[in-house]
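# One predicted model, sequence on top.
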Amino acid sequence: MDDTVTFRDYRPGDLEWLVGAHARHYAEAEGFDDTFGPLVESILRDFTAQHDPDREKGWIAERDGKPLGSIFCVRLDDQTAKLRLFFTAPEARGLGLGKRLLDVCMGFARERGYTRMELWTHESHKAACALYSRAGWVCTSSKPVHSFGVDLVEQAWEVKL
């Protein structure tokens, strides 16, 4: 991975980039409709308004001030953290950035006393699912759904920390 990529804390000013990047990418790559961007925006607004900085955190990966990816760790309960908004920009894929983001997020969860993590994704996100599997995550459920205007297979994953 290029060591000029740095991680910093998510800031509310990142909302526009993150919503737009998610919406554009998933519209182009998977045909998602215009309901996906507002979901990402809602998640970010809730995080900004309600997150506990001692147990929750969001990171933005960037190079030369340009954002390339994100990942968030949020509290589900005292023992369980949820991974959210894991994203790497298409131009940053294949460089190891996803692994670095996942390692940072899981490390934070361990340091904060969580004993497990969960996430929700779609089967079509093959590279991310392979990364989760290599990091010890296990797919615990899989079901067909119609979301964001397309037919998908929704998955739940978890890992013990």
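Arrived safely.
# Which parts of the chain are strands?
Here the chain has its strands, by DSSP state E, at 5-9, 57-63, 66-75, 80-88, 116-122, 138-147, 150-160.
# for this protein, which spans come out with low pLDDT?
Applying pLDDT under 70 to the chain flags the ranges 1-3.
# Report the separation between Arg11 and Leu39.
Relative to Leu39, Arg11 is positioned 20 Å away (criterion: Cβ to Cβ, to the nearest Å). C-beta: built from backbone N, CA, C; applies to glycine.
# more crowded one of these two?
Using other Cβ atoms under 10 Å as the criterion, Arg11 and Leu39 rank with Leu39 on top: 15 against 10.
# Would you mind measuring from the more buried one to Gly69?
Distance from Leu39 to Gly69, counting by Cβ to Cβ: 19 Å.
# same thing with Glu28?
For Glu28, the distance to Gly69 equals 17 Å [Cβ to Cβ].
# picking up where we left off before, quick one: the strands of the chain as TSV, columns for mean neighbour count and distance to Ala130 too.
Listed next are the strands of the chain as TSV, based on neighbours: other Cβ atoms under 10 Å; distance: least, Cβ to Cβ, whole Å:
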stretch	mean neighbour count	distance to Ala130
strand 5-9	14	21
strand 57-63	21	19
strand 66-75	21	16
strand 80-88	21	13
strand 116-122	18	12
strand 138-147	11	11
strand 150-160	15	12
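# what's Arg84 in contact with, if anything?
43, 47, 71-74, 119 (Cβ atoms under 8 Å, 6 or more residues apart in numbering).
# can you rerun that using 10 Å?
Under the criterion of Cβ atoms under 10 Å, 6 or more residues apart in numbering, the contact partners of Arg84 comprise 40, 43-44, 47, 56, 58, 70-74, 105, 118-120.
# Can you tell me how far the spatially most central residue of the chain is from Lys160?
Nearest to the mean C-alpha position of the chain, counting by Cα atoms, centre = their mean, stands Phe86 at 1.7 Å. The span separating Phe86 from Lys160 equals 19 Å under the rule Cβ to Cβ.
# got it, and Tyr132?
Taking Cβ to Cβ as the criterion, Tyr132 is separated from Lys160 by 13 Å.
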